[in-house]
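Asks: the following comprises the amino acid sequence and a computationally predicted model.
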Amino acid sequence: MYGTETASLRKTEKMDVAEMRMLRWMAGVTREDRIRNDYIRGSTKVVEISKKVQDERLRWYGYLLRRDENHAGRHSMGMEVQRRRRRRGRPRKRWKDCVRGDLREK
């Protein structure tokens, strides 16, 4: 979890799957038992890791907004990188895009 608030994660689904596997292992439950994930999460009282990452990212964003204008982190938030030519395919997911999506979801 350390440092995830500053990264633009695209693989949160894989993190959720790995976390659910660990929770099932801790609870002594297999997939063959056909117990729902919500029930296992409720019994172990664990929130999804993607939600924790989202909360930490929004907390970090609020921290950056409260900093003064001359702070390096605040300055880098608005920076635009000049590239000669855009690569083929989908544009890369930026940190600002993650924050925008988190705010929309909350």
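Replies: Good, I have the coordinates.
Asks: any idea of the pLDDT on residue 26?
Replies: With respect to pLDDT, residue 26 scores 93.
Asks: unless I'm mixing things up, it is touching residue 43, no?
Replies: No: using Cβ atoms under 8 Å, residue 26 makes no contact with residue 43, being 10.1 Å away. Any C-beta I mention is one placed from the backbone N, CA and C, and that applies to glycine too.
Asks: any idea which helix or strand comes after the least confident helix or strand in the chain by mean pLDDT?
Replies: Of all helical and strand segments in the chain, the minimum by mean pLDDT, DSSP states H and E falls on helix 72-77, at a mean of 80. Per DSSP states H and E, the first helix or strand lying C-terminal to helix 72-77 is helix 95-105.
Asks: what comes up buried for that next one?
Replies: By 16 or more other Cβ atoms under 10 Å, the buried positions in helix 95-105 come out as 95, 98, 99, 102.
Asks: so who does the second one touch?
Replies: If a contact means Cβ atoms under 8 Å, 6 or more residues apart in numbering, then residue 98 has 8, 9, 57 as its contacts.
Asks: top of those by neighbour count?
Replies: Highest neighbour count within these, by other Cβ atoms under 10 Å: residue 57, with 22 neighbours.
Asks: check which helix or strand it maps to.
Replies: helix 49-66.
Asks: got the phi and psi for residue 81?
Replies: Backbone torsions of residue 81, given as degrees, to the nearest 10, read phi -90, psi 130.
Asks: and it, how far from residue 17?
Replies: Going from residue 81 to residue 17 by Cβ to Cβ, to the nearest Å gives 32 Å.
Asks: which of the two has more residues huddled nearby?
Replies: The residue with more neighbours, out of residue 81 and residue 17, is residue 17; 11 against 5, by other Cβ under 10 Å.
Asks: could you pull up phi and psi at that one?
Replies: Per degrees, to the nearest 10, the backbone of residue 17 is at phi -70, psi -40.
Asks: which pLDDT value goes with it?
Replies: So residue 17 comes in at 90 (pLDDT).
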